[in-house]
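Q: Fold the following and give me the result.
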Amino acid sequence: MKKYIIFFVFTLLLSSLCLFPALAAPGGSCVACHTSESMMKSMHKPPSLPASTGEG
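A: Have a look, this model is predicted:
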């Protein structure tokens, strides 16, 4: 019985260590920007390539 209690407490502790940071993430986290296509396009300016690039 003692093994089950230790296992349960360890599992609860381990899951809380993974869950709490995910719940505490601020609204301006990476997910907010990286899932918005318009935001990603506004942050990245493609480099200008010379006309001869990519030709045969």
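Q: After the lowest-mean-pLDDT helix or strand in the chain, which helix or strand is next?
A: Least confident element among the helices and strands of the chain, by mean pLDDT, DSSP states H and E: helix 30-34 (a mean of 75). Downstream of helix 30-34, the first helix or strand assigned by DSSP states H and E is helix 37-43.
Q: next one: that following helix to chain centre, how far?
A: Distance of helix 37-43 from its chain centroid, counting by CA atoms, centre = their mean, to the nearest Å, is 16 Å.
Q: Remind me what it packs against, helices and strands.
A: Here helix 37-43 touches helix 30-34, going by 3 or more CB pairs under 8 Å, 6 or more residues apart in numbering; DSSP states H and E. C-beta here means a position set from N, CA and C on the backbone, and glycine is covered the same way.
Q: So, low pLDDT: which residues of the protein?
A: 25-29, 53-56 (pLDDT under 70).
Q: cutoff 90 now
A: Along the chain, the parts satisfying pLDDT under 90 run over 1, 15-56.
Q: Go through it and flag its longest helix.
A: Longest helix in the chain, counting residues (DSSP state H): helix 2-23.
Q: Mind listing what's buried along that helix?
A: Buried positions in helix 2-23, judged by neighbour count with 16 or more other CB atoms under 10 Å: none.
Q: So what touches that helix?
A: By CB atoms under 8 Å, 6 or more residues apart in numbering, no surrounding residue is in contact with helix 2-23.
Q: Please compute how far that helix lies from its chain's middle.
A: The answer for helix 2-23 is 22 Å, by CA atoms, centre = their mean.
Q: same question, stretch 42-55
A: 28 Å.
Q: mind listing what's buried in that stretch?
A: Buried-residue list, stretch 42-55, by 16+ other CB under 10 Å: empty.
Q: How about residues contacting it?
A: So stretch 42-55 is contacted by residue 33 (CB under 8 Å, 6+ apart).
Q: Please renumber the chain so that the first residue is 41 from this point on.
A: Understood, numbering begins at 41; the last thing we discussed is stretch 82-95.
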